[in-house]
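Novice: this one's structure only:
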């Protein structure tokens with residue numbers, strides 16, 4: 001991806017069982033914390049802000065086994081970005097004032113999922129980010145959690161609130177569930193017991209999802 005230490009705050013590549021604790025990444029051109037082709041990466045009590053891409057990124061890791069605990073991500077394009085990776089646990093995450101609180105992206109190029117978020121907050125993600133033609137990214141604003149072709153994503157006991165767009169966007173919702181770019185259907189999406197208020201809409205789906213379940217949110 002051409003990342004380097006100047007454009008990315010912390011870069012983890014091809015690593016096993018890396019723990020990053022109480023670190024701060026501010027105003028990076030691209031990513032705050034970037035973990036790629038790695039397994040067992042743990043982020044604890046870290047803060048990422050002002051990034052041109054994701055505050056926290058986990059990608060190209062079919063056995064990611066990654067965890068984010070008590071981290072904060074704000075004023076980025078994506079607060080949390082899971083791409084072509086399987087196995088990410090979030091607990092006590094506060095992702096706010098980004099364009100998108102969390103993105104789970106499949107078909108880029110492979111599957112993405114087995115993501116669990118509990119006791120976390122994806123709120124007030126009202127920043128507006130213009131389309132990036134080079135990256136194939138549409139305009140984005142006002143999305144708490146965006147699931148694009150992802151599988152086995154579980155959102156339980158979180159606060160997902162006040163996600164309202166401040167500019168052009170391809171979608172806006174507390175949780176948006178849509179088909180992957182290559183036609184992969186979102187599968188086994190569970191949204192239960194979340195506090196969801198003040199969003200443009202709480203849940204938006206394009207009808208492509210297989211086994212989408214939502215209950216007890218309010």
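Specialist: Yes, it's here. Predicted, not measured: the structure shown is a model, and the values here were computed from it.

Novice: nearest residue to residue 40 other than its sequence neighbours?
Specialist: Counting by C-beta to C-beta, 6 or more residues apart in numbering, residue 17 is the residue found nearest to residue 40 once chain neighbours are left out, at 3.9 Å. C-betas here are computed from N, CA, C, even on glycine.

Novice: next SSE downstream of the top strand by length along the chain?
Specialist: The single longest strand within the chain, with elements called by DSSP state E, is strand 78-91. Using DSSP states H and E, the helix or strand that follows strand 78-91 in sequence is strand 94-96.

Novice: show the pLDDT at residue 4.
Specialist: On pLDDT, residue 4 comes in at 45.

Novice: mind showing which ranges of this structure have poor pLDDT?
Specialist: Scanning the chain with the threshold set as pLDDT under 70 gives 1-6.

Novice: which residue is nearest the middle of it?
Specialist: residue 102 (2.2 Å; C-alpha atoms, centre = their mean).

Novice: show the contacting residues for that residue.
Specialist: Residue 102 makes contacts with 78, 79, 80, 81, 82, 90, 95, 117, 122, 144, 145, 146, as judged by C-beta atoms under 8 Å, 6 or more residues apart in numbering.

Novice: apply 10 Å and report the result again.
Specialist: 54-56, 68, 73, 78-82, 88, 90, 93, 95, 115, 117, 120, 122, 125, 143-147, 153, 155, 158, 160, 175 (C-beta atoms under 10 Å, 6 or more residues apart in numbering).

Novice: ok, and the closest non-adjacent residue to it?
Specialist: Using C-beta to C-beta, 6+ apart and skipping residues adjacent in sequence, the residue nearest residue 102 is residue 80, 4.1 Å away.

Novice: one more: residue 120?
Specialist: Nearest to residue 120 is residue 93, by C-beta to C-beta, 6+ apart, at 3.9 Å.

Novice: quick check, that neighbour in contact with residue 69.
Specialist: Yes - under the criterion of C-beta atoms under 10 Å, residue 93 makes contact with residue 69 at 7.8 Å.
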